[in-house]
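In: Got a predicted structure plus its sequence, pasted below:
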Amino acid sequence: MSSEPPEAVAADSQGADSQHAGGSAAGSAPGGSASAGHIFALIRSRPGWTRQQLLATTGVSRTTLFERLDQLFRANLVYEAGAANSDGGRPAQLLRFDDRDRVVLIFDLGQLRGRIAVADLAGRTLRMETLRLDTSQPPDQLIPQLLDQGDALLRTDGAARLVGVGMGIPSPVDPATGRLLEGTTMRHWEDYDLAGHLRDRWGVPVLIENDARALALGEAAATADDGILLAVKYSHGIGAGIVVNGNVIDGANGAAGDIGHIRVTDDGPRCSCGRSGCLAAWASGRAILRDLGLHDLDDVVHAALDGDPVVLDALTAAARRVGRTVASIVATVNPARLVLGGSLGRLDVVAGVIEAQVRADTVARALQDLRVTPTRVADESSTIGLSRQLVRGAYSAEAVDALLAGAAAPVVPVKPAKPAKSSGPGQPTRLAVTRAPGPSR
């Protein structure tokens, strides 16, 4: 098991992403359009290029091209993938981005459940574990255990080369620093340097993102939606993500999509944020469990599927409230697609009520092109979204030029990691883990 250096960190493994907040995959870089990073971005943009095709496309001299390619070969960023079709004479070699054995590690954390996955650079899960957890616990108790489990999952393949680590969190996240903002269910996490702990553990680039925004990114990537996509994650909590032309909206300070704490009544149940009448206090999975006297959201889902009238009534009432809030977002951003995810959002009865409420409350012209769908890739959404964002940054033209200019080793061997120690008082939370192989895709 080895890791890529932190100088190089986000993109589809054999297709350069064209849109990203922070620069395009083939944008200008030190050295201009003839830089090694720019040539690398071209190579990533399709499955194979010959040297002659690169010469014709870039317009650089043969000497310059060969110098740039030599840099990329020495950095293990490209390789010769075989001969192109030839009508005669010596066939030209096809050059490809060397994504072989490169992986990302993704932590997709909900309030009470999580998923750890090792994925390829296109976001396809190679292997994964699901677990029960409680993000209301102090991070110095929970995070060391998660990192140990992630490390164990990585090391089942000694040939894998780690490119980056991503984590989706049910909390607002500052897009500039990766630090969690003051939360309602994850109190005291804002003082914990989560990104720093991940970097210290693996020495690779790190991405921390809100879980609902990660879901939205994954849905947009998986379906190649180029317009405006609104995704709502409805489970123990309620959050939303908006993606415009491939770019997620973080907001001025990372609070975009925190719709569970919009007040929908002047009074009502007390919310975890300290106020009364918030959407989450009325309609979240936690609120439904409270009102039904249940303890596990799986029980609610199973009862709904079995047609339990009491549970269906509770879900219907909650979904109407969610639908009214979502309707205001639909009217504001006018998305082409509304995606409903999370353990409750994917239920047909809940999705049907939310869609009906949105269509009842929103002006017709905002609904003209709107499609309402469940998540296309279900539990894979966040893994896909975080993977794509990570590798876009890792393999942007600018990052590759910076890597080559710094003469950093392209692959750094990783020593066996020492288990992280919990510094919190008392015994750390025990995590119930279910191991499962990823899809063989």
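Out: Nice, thanks for sending it over.
In: what's the neighbour count on the closest residue to residue 336 other than its chain neighbours?
Out: Distance criterion C-beta to C-beta, 6 or more residues apart in numbering; nearest residue to residue 336, sequence neighbours excluded, is residue 227 at 4.3 Å. Every C-beta, even on glycine, is put in place using the N, C-alpha and C of the backbone. Other residues near residue 227 come to 14 when the count uses other C-beta atoms under 10 Å.
In: ok, now the one 5 residues further on?
Out: Per other C-beta under 10 Å, the neighbour tally for residue 232 reads 27.
In: before we move on, what about the one 4 residues further on?
Out: Residue crowding around residue 236 was assessed by other C-beta under 10 Å; the count is 24.
In: Could I get the contacting residues of it?
Out: Residue 236 makes contact with 110, 111, 112, 170, 284, 285, 286, 297, according to C-beta atoms under 8 Å, 6 or more residues apart in numbering.
In: Relative to residue 134, how far out is it?
Out: In this view, residue 236 and residue 134 are 10 Å apart by C-beta to C-beta, to the nearest Å.
In: do the same with residue 391
Out: 31 Å.
In: quick one, domains of the protein?
Out: For the chain, whose domains are defined here by automatic domain parsing, the residue ranges read 9-84, 102-211+384-394+409-437, 214-376.
In: related to what we said a few turns ago, more crowded one of residue 391 and residue 134?
Out: Neighbours of residue 391 and residue 134, each counted by other C-beta under 10 Å, are more numerous for residue 391; the result is 32 against 14.
In: sec struct for that one, please.
Out: Under DSSP: H, G, I helix; E, B strand; the rest coil, residue 391 falls in the helix class.
In: That one and residue 166 touch, don't they?
Out: No. Judged on C-beta atoms under 8 Å, residue 391 makes no contact with residue 166 at a distance of 9.7 Å.
In: residues shared between the contacts of those two?
Out: residue 104.
In: what touches both of residue 236 and residue 134?
Out: Shared contacts of residue 236 and residue 134, counting by C-beta under 8 Å, 6+ apart, come down to 111, 112.
In: that older thread, between which two of the contacts of residue 236 is the distance greatest?
Out: For the contacts of residue 236, the maximum inter-member distance is 13.6 Å, found between 170 and 297 (C-beta to C-beta).
In: ok, residue 244 - contacts?
Out: With contacts defined as C-beta under 8 Å, 6+ apart, residue 244 is in contact with 227, 228, 229, 333.
In: Could you pull out the helices in the stretch 201-350 of the chain for me?
Out: For the stretch 201-350 of the chain, the helices identified by DSSP state H, counting those that start in this stretch occupy 211-223, 279-283, 285-292, 297-305, 309-333, 342-345, 348-361, in order along the chain.
In: Among those, which comes closest to residue 100?
Out: In terms of C-beta to C-beta, the element of the helices of the stretch 201-350 of the chain nearest to residue 100 is helix 211-223, at 21.4 Å.
In: Enumerate the positions of the closest one that are buried.
Out: Counting neighbours by 16 or more other C-beta atoms under 10 Å, one finds that the buried residues in helix 211-223 are 211, 212, 213, 214, 215, 216, 217, 218, 219, 220, 221, 222.
In: which helices and strands does that helix pack with?
Out: Using 3 or more C-beta pairs under 8 Å, 6 or more residues apart in numbering; DSSP states H and E as the contact criterion, the neighbours of helix 211-223 among helices and strands are strand 102-109, strand 161-169, strand 228-234, strand 238-244, strand 247-248, strand 337-341, helix 381-394.
In: sorry, back to before: buried among the contacts of residue 244? Need that as a selection in PyMOL.
Out: In PyMOL syntax, the buried subset of the contacts of residue 244 is picked out as below (16+ other C-beta under 10 Å):
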select buried, resi 228+229
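In: Tabulate the CA atom coordinates of stretch 160-168 in CSV.
Out: Included here for stretch 160-168 are C-alpha records, laid out as CSV according to Å, rounded to 0.1, in the frame of the first residue of the first chain:
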residue,chain,number,x,y,z
ALA,A,160,-3.2,0.0,-4.1
ARG,A,161,-1.8,3.6,-4.2
LEU,A,162,-3.9,6.1,-2.2
VAL,A,163,-4.6,9.4,-4.0
GLY,A,164,-6.8,11.1,-1.4
VAL,A,165,-9.2,10.8,1.5
GLY,A,166,-12.8,12.2,1.5
MET,A,167,-15.3,12.5,4.3
GLY,A,168,-19.0,13.5,4.1
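In: and that stretch, how far from the chain's centre?
Out: Stretch 160-168 sits 11 Å away from the centroid of its parent chain (C-alpha atoms, centre = their mean, to the nearest Å).
In: Start at 41, not 1
Out: Renumbered: residue one is now 41, and that last one reads stretch 200-208.
In: would residue 156 count as being in a strand?
Out: Yes. Counting by three-state DSSP, one finds residue 156 located in a strand.
In: Make sure it is actually in contact with residue 171.
Out: Yes. Using C-beta under 8 Å, residue 156 is in contact with residue 171, at 7.1 Å.
In: okay, and the common contacts of these two?
Out: Each of residue 189 lies in contact with both residue 156 and residue 171 under the rule C-beta under 8 Å, 6+ apart.
In: Give me the more crowded residue out of the two.
Out: Between residue 156 and residue 171, residue 156 has the larger neighbour count (other C-beta under 10 Å), namely 26 against 17.
In: tell me the contacts of the more buried one?
Out: For residue 156, the contacting residues are 145, 146, 147, 148, 168, 169, 171, 186, 189, 190, 193, taking C-beta under 8 Å, 6+ apart as the criterion.
In: per-residue pLDDT, it?
Out: Confidence per residue is given as pLDDT, and for residue 156 that number is 96.
In: Roughly how far does it sit from residue 197?
Out: Using C-beta to C-beta, one gets 14 Å for the distance from residue 156 to residue 197.
In: Equivalent analysis for residue 363, please.
Out: In this structure, residue 363 and residue 197 are separated by 44 Å, where distance is defined by C-beta to C-beta.
In: Which of these two has more residues huddled nearby?
Out: More neighbours sit around residue 363 than around the other of residue 363 and residue 197, counting by other C-beta under 10 Å; the figures are 25 against 14.
In: related to what we said a few turns ago, wait, which of the buried residues of helix 251-263 is closest to residue 319?
Out: residue 252 (13.3 Å).
In: I'd like the helices of the stretch 241-390 of the chain laid out as CSV, including distance to residue 417 and mean pLDDT.
Out: Below are these laid out as CSV (distance: least, C-beta to C-beta, whole Å; pLDDT from 0 to 100):
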stretch, distance to residue 417, mean pLDDT
helix 251-263, 5, 92
helix 319-323, 25, 96
helix 325-332, 21, 96
helix 337-345, 19, 95
helix 349-373, 21, 97
helix 382-385, 13, 94
helix 388-401, 16, 97
